[in-house]
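Colleague: Give me coordinates for this.
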Amino acid sequence: ETAQAMVAPGKGIIAIDESTATIAKRFAGVGIENTEENRRAYRELLLTTPKLNEHISGAILYDETIRQSTKDGVPFAKYMADHGMIPGIKVDKGLAPLPGAALAHETWCTGLDGLSERAAAYYAQGARFAKWRAVIQIAPGGPTRQAIFENCYGLARYARTVQDQGLVPIIEPEVLMDGSHTIEQAAAAQERVLAAV
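Modeller: Prediction:
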């Protein structure tokens, strides 16, 4: 039911799950101080946009955001649910160097430790779906089979874990466009990742 509602015709999902460090860069570009209150107010501005629910089926929130409320004291997840939008949550803990990687730039996404408990807590806070991001980089010699396997294995473990806690998983195997590779190399890397997923 949640998965079907997330892909309702004519609607999309808004990602407002920037980490504190990432949103700091965005705020700096427009001269806004990166404080918890400013981050809360920014997310409230987005989520309370009039008629947002006519175009957005749900929003991916950050850990800090799902714990925040509107200025009137309504938790964001409750506000969203009350207005026909599905609260989601980013559950990965960010990228880290891939242990034992053949190529120094290859990464994997951390956060499987304690994920079941975090997912249960997010469900209790109103989240109904989750997102996990894996990053695959195209570079000479890569992406390696190890990087693809480890990232896809992590995505599968994440998906099963959050499903067990009642959350619909979104998996995001992101093949980065950055680099000097050709479009053909990018397509080949994407095919390898999709085959593994």
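
Colleague: Show the contacting residues for Glu106.
Modeller: By C-beta atoms under 8 Å, 6 or more residues apart in numbering, the contact set of Glu106 is Pro97, Leu98, Gln137, Gly142, Pro143, Thr144, Gln146, Ala147. (Glycine included, C-beta is placed from N, CA and C.)

Colleague: number of nearby residues for the fourth one?
Modeller: By other C-beta atoms under 10 Å, the residues close to Gly142 number 20.

Colleague: Can you list which of the contacts of Glu106 are found in helices?
Modeller: Counting by DSSP state H, the contacts of Glu106 place Gln146, Ala147 in helices.

Colleague: Buried members of the contacts of Glu106 into PyMOL, please.
Modeller: A single PyMOL command selects the buried members of those (16 or more other C-beta atoms under 10 Å):
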select buried, resi 98+137+142+143+144+146+147
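
Colleague: Just flag the most distant two among the contacts of Glu106.
Modeller: Spanning the widest gap among these are Pro97 and Pro143, at 14.3 Å by C-beta to C-beta.

Colleague: so how far is Glu174 from Asp113?
Modeller: Relative to Glu174, Asp113 is positioned 22 Å away (C-beta to C-beta, to the nearest Å).

Colleague: And the two? Which one has more around it.
Modeller: Per other C-beta under 10 Å, whichever of Asp113 and Glu174 has more neighbours is Glu174, with 13 against 9.

Colleague: Give me the three-state assignment for the more buried one.
Modeller: Under DSSP: H, G, I helix; E, B strand; the rest coil, the three-state class of Glu174 is strand.

Colleague: thought it was touching Val135?
Modeller: Yes: at 5.3 Å, Glu174 counts as touching Val135 under the criterion of C-beta atoms under 8 Å.

Colleague: how about the helices of this structure, start to end?
Modeller: Using DSSP H, the helices found in the chain span residues 2-6, 20-29, 36-47, 63-66, 76-82, 115-124, 145-164, 183-196.

Colleague: Rebuild the contacts of Glu106 as a markdown table, extending it with distance to Gln165 and pLDDT.
Modeller: Listed next are the contacts of Glu106 as a markdown table, based on distance: C-beta to C-beta, whole Å; pLDDT from 0 to 100:
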| residue | distance to Gln165 | pLDDT |
| --- | --- | --- |
| Pro97 | 28 | 93 |
| Leu98 | 27 | 92 |
| Gln137 | 31 | 89 |
| Gly142 | 34 | 84 |
| Pro143 | 30 | 91 |
| Thr144 | 32 | 91 |
| Gln146 | 29 | 92 |
| Ala147 | 28 | 92 |
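
Colleague: Among the contacts of Glu106, which lie within strands?
Modeller: Pro97 (DSSP state E).

Colleague: Specify which member of the contacts of Glu106 is nearest to Gly29.
Modeller: Nearest to Gly29 out of these is Gln137 (C-beta to C-beta; 25.2 Å).
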